[in-house]
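>>> Let's see this in three dimensions:
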Amino acid sequence: MLRKRPRPEEAAAPAGEEVKFGDVRLYLVERKMGRSRRSFLTRLARSKGFIVQDVLSDDVTHVVSEGSQASSLWTWLKESAPKNLPNMHVLDISWFTDSMRQGGPVTVDSKHIIKDILPALLDDSQPTAVVAVSQYACQRRTTTENNNKIFTDAFEVLAESYEFNELDGRCLGFRRAASVLKSLPWVVQSLDATHNLPCLGEHAKAVMDEILQHGRSVEVETVRSDERYQTLKLFTSVFGVGPKTAEKWFRRGLRSFSSILDNSSIRLNRMQQNGFLHYGDISRAVSQAEARALTSVIQRAVHAITPDALLTLTGGFRRGKEFGHDVDFIVTTPELGQEESLLRNLVDRLTQQGILLYCDYQPSTFNTSNPPGQRFTAMDQFAKCFLIMRLESSHVDKGLHKDEWDSRGWRAVRVDLVSPPMDHYAFALLGWSGSRQFDRDLRRFARVERRMSLDNHCLYDKTKKQFLAATTEQDIFAHLGLEYIEPGQRNA
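Numbers count the residues shown, from 1 in each chain. Below you'll find the predicted structure:
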């Protein structure tokens, strides 16, 4: 029996073609486009290094259509019923042609998105322009105002529980879902309003649906009351105690601080000893007024060493948060090569002033010839130190309530300092400003959409095989083809 010749769209990808964009998987909709044109565009895309799927599956990241009416396209997509549909980009052919012209996937812009692709699923109280919400936090503006705290608080509990259980994928899934909801300028009042939002999987929607119906989630409440979760959360709140140490103590039957401190077989390192010693202070939130006071104290010490040195407050306070768990600074000098000695001299001066209660100094291991690694590490290679500082109440702006200070007239505060070379200052500033999810998505965007590697040290173009210089954060956003987002809108 003669076998039928396969149709062009069913044929496998030609052998020997290099895949350059493994994280991008295209599906070209034949409707309106036509079979022969689809075959031609498929060959073109594959020759450029794209993966083009012959069948619409959950692996597809970008659905490209040409000439289709939004309503009929959406009906067809729903009938095809891929589970990952909420996370797919449904795009006009213009995105495809722009990408072919550039030789790589371009940033998804509002002009590429098929307008009104979603049916009228939103009720009158919900906005209708949410179709353009990006899957990347670095393309969303997120202030400190959270309109969906009831959902994001629940997601954070589940994410933390999964983190304790080393289920990184599920943890990241709920953190991404929380990040999307934090960016919304409106309150989600029905589950239908989430159909076109990225990063919301079935599990996240089930939790939301339960909260919408009953005001709470049984799963979240169960996690919150779980003894292991409560114990690991308590232990990891101590400076110097990570999840693995907390888990080890839990398995030994320890459930309280006293059970740890009274156990002669447990040897605490210096960081943990100081974490317990100053726990009452450093477990308490740090206010903006206290952060400003510490900035002034360290600024005076820095300028006494090097008048032209640069000290910058980073972290949540740079993003406009009212409170934080510690205070982060970048300190550097215009003279290349002197930044590490500046940090050591600063530590010595703070010690002489009697306001340094603990210091863990780590010298630089940064190698300017190494591009960012495949796996991001939270610990910078620049010179840095983790401190506990004594902050006098007299240094803090007036207006604090007296009950915020005990009879000592001072409190201990956690402070982190990092000292990059001036020519890498912009990358350190971007990374240390956060938020963590914003930085994570910025690195993912660079890798997936731009074939670049980004970390707190540098930006490397893997296509051109070269480092890209930047003196400001704006330069980094420009290299990535992104609109600049101010620190106050990075609270993802």
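>>> Could you use CA atoms for every contact and neighbour count after this?
Fine.
>>> any idea how this structure splits into domains?
If you go by automatic domain parsing, the domain ranges for the chain are 8-119, 137-223, 226-277, 278-492.
>>> what would those domains look like in JSON lines with mean neighbour count and mean pLDDT?
Converted to JSON lines, the domains of the chain look like this (neighbours: other Cα atoms under 10 Å; pLDDT from 0 to 100):
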{"stretch": "domain 8-119", "mean neighbour count": "17", "mean pLDDT": "79"}
{"stretch": "domain 137-223", "mean neighbour count": "18", "mean pLDDT": "95"}
{"stretch": "domain 226-277", "mean neighbour count": "15", "mean pLDDT": "97"}
{"stretch": "domain 278-492", "mean neighbour count": "18", "mean pLDDT": "91"}
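>>> Can you name the residues in contact with the helix or strand harbouring Leu430?
Using DSSP states H and E, the element containing Leu430 is helix 425-433. If you take Cα atoms under 8 Å, 6 or more residues apart in numbering as the criterion, helix 425-433 is touched by 314-316, 318-319, 328, 330, 332, 420, 439, 455-459, 470-473, 476, 487.
>>> Go through the protein and flag its longest helix.
The longest helix of the chain (DSSP state H) is helix 288-305.
>>> Let me see the backbone angles for Met452.
Torsion angles at Met452 (phi, psi; degrees, to the nearest 10) stand at phi -130, psi 160.
>>> Need phi/psi at the closest residue in space to it that isn't next to it in sequence.
Nearest non-adjacent residue to Met452, counting by Cα to Cα, 6 or more residues apart in numbering: Asp461, 4.5 Å away. Asp461 adopts backbone torsions of phi -90, psi 110, taken as degrees, to the nearest 10.
>>> Ala470 now?
Phi and psi for Ala470, reported as degrees, to the nearest 10, are phi -150, psi 130.
>>> wait, it sits on Ile476?
Yes: the pair Ala470 / Ile476 is scored as a contact, 6.0 Å apart, by Cα atoms under 8 Å.
>>> give me every residue that touches Thr231.
Residues in contact with Thr231, defined by Cα under 8 Å, 6+ apart, are 246, 250, 255-256.
>>> CA atoms only for the helix or strand hosting it, dumped as CSV, please.
Using DSSP H and E, Thr231 sits in helix 227-236. Output of helix 227-236 as CSV, limited to C-alpha atoms (Å, rounded to 0.1, in the frame of the first residue of the first chain):
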residue,chain,number,x,y,z
GLU,A,227,3.8,22.5,63.0
ARG,A,228,6.7,22.0,60.6
TYR,A,229,5.9,25.2,58.7
GLN,A,230,5.6,27.3,61.8
THR,A,231,8.8,25.9,63.2
LEU,A,232,10.9,26.4,60.0
LYS,A,233,9.4,29.9,59.7
LEU,A,234,10.4,30.7,63.3
PHE,A,235,14.0,29.3,63.0
THR,A,236,14.7,30.9,59.6
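>>> by contact count, what packs against the helix or strand just after it?
Note on helix 227-236: by DSSP H and E, the next helix or strand toward the C-terminus is helix 243-251. Packing contacts for helix 243-251, counted by 3 or more Cα pairs under 8 Å, 6 or more residues apart in numbering; DSSP states H and E, involve helix 227-236.
>>> make it 6 Å
Applying 3 or more Cα pairs under 6 Å, 6 or more residues apart in numbering; DSSP states H and E, we find helix 243-251 packed against no helix or strand.
>>> any idea of the angle it forms with helix 227-236?
Interaxial angle of helix 243-251 relative to helix 227-236 (axes from the mean of the first three to the mean of the last three Cα atoms, to 10 degrees): 130 degrees.
>>> Which residues are in contact with Leu459?
453, 467-468 (Cα atoms under 6 Å, 6 or more residues apart in numbering).
>>> What about the residues you listed, which are in helices?
Among the contacts of Leu459, no member falls in helices (DSSP H).
>>> Could you dump those into a markdown table with distance to Cys138 added?
Converted to a markdown table, those look like this (distance: Cα to Cα, whole Å):
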| residue | distance to Cys138 |
| --- | --- |
| Ser453 | 15 |
| Phe467 | 21 |
| Leu468 | 19 |
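>>> quick one: which of the residues you listed is nearest Gln299?
Nearest to Gln299 out of these is Leu468 (Cα to Cα; 30.7 Å).
>>> and that closest one, what does it touch?
Going by Cα under 6 Å, 6+ apart, Leu468 touches Leu459.
>>> quick one: it from Glu449, how far?
Using Cα to Cα, to the nearest Å, we find Leu468 at a distance of 16 Å from Glu449.
>>> Equivalent analysis for His112, please.
His112 is 15 Å from Glu449, by Cα to Cα.
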